[in-house]
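Student: Structure, please.
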Amino acid sequence: MTDIRREVLRKPLFFLAFGFGSGFSPKAPGTVATLVAIPFHLVFVNFPPWLHGTIISLAFILGIWICGKTADYLGVHDHEGIVWDELVGYWVTMFLLPANWLWIILGFIVFRILDILKPWPIKLIDSKIPGGAGIMLDDLAAGIMGAAFLNALLVLNN
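Tutor: Numbers count the residues shown, from 1 in each chain. Predicted coordinates:
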C-alpha cells in the first residue's frame, strides 16, 4: 500500500477529500467520484428543498477545508485523487431537477463535460484561486452552469 493511500485511509478528513476512496481510481477518478455522488443525490432529493440546499452548502464549506488540508498535506494544488469537489459539483448541478434516471444521467454527462473541458469562467477560477477554495469553486461554477443548462432544457421541454 502506498504512503498516500495509507494516510488517506487512516485520516477521515483525507478519506472524505478522496471521495470515500473513489479518488484512488486509476482511471478517471473525477468521473468515478461523480458516480459515487449519485446514491447520495437519490437520498437528498427526498428532503425538503431547504434541507437539501443546506446539505449542499455545508458540503461545499466543509470541502474548502478538507480539500485544502489534504492538498497541503500532499504538497500539491489539486491532487487528482481529491474529488470531494466533484461530488459537491454534481449535487449542485442536480439541485431541484426531477429525480428520475433521465435527469440523473443528463446531469452526470453535463457536469463531467463542464468539469473536464473547463470553459470560461471555470478555467479562470481553477487557475487563479489557490487552496481549498480554488479546488471547490471551479466545481461549484461547473455545477451552477450545469444546473442553468439543465433547467433551461427542462423549461423548454415543458
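
Student: Just give me the neighbour total for Lys11.
Tutor: 16 (other C-beta atoms under 10 Å). Where C-beta positions appear, they are placed from N, C-alpha and C, glycine not excepted.

Student: Show the model's pLDDT score for it.
Tutor: You'll see Lys11 listed with a pLDDT of 90.

Student: quick one, phi/psi of it?
Tutor: Per-residue torsions, Lys11: phi -110, psi 120 (degrees, to the nearest 10).

Student: and the gap between it and Ile66?
Tutor: Distance, Lys11 to Ile66, by C-beta to C-beta, to the nearest Å: 10 Å.

Student: cool, Ile38 as well?
Tutor: Distance from Ile38 to Ile66, by C-beta to C-beta: 20 Å.

Student: Which one's more surrounded, the two?
Tutor: With neighbours defined as other C-beta under 10 Å, Ile38 and Ile66 compare such that Ile66 has more, 25 against 17.

Student: tell me which residues of the one helix or strand the more buried one maps to are tucked away?
Tutor: Assigned by DSSP states H and E, Ile66 belongs to helix 49-74. Across helix 49-74, burial judged by 16 or more other C-beta atoms under 10 Å covers 52-53, 55-56, 59-60, 62-71, 73-74.

Student: repeat for stretch 15-34
Tutor: 15-25, 29-34.
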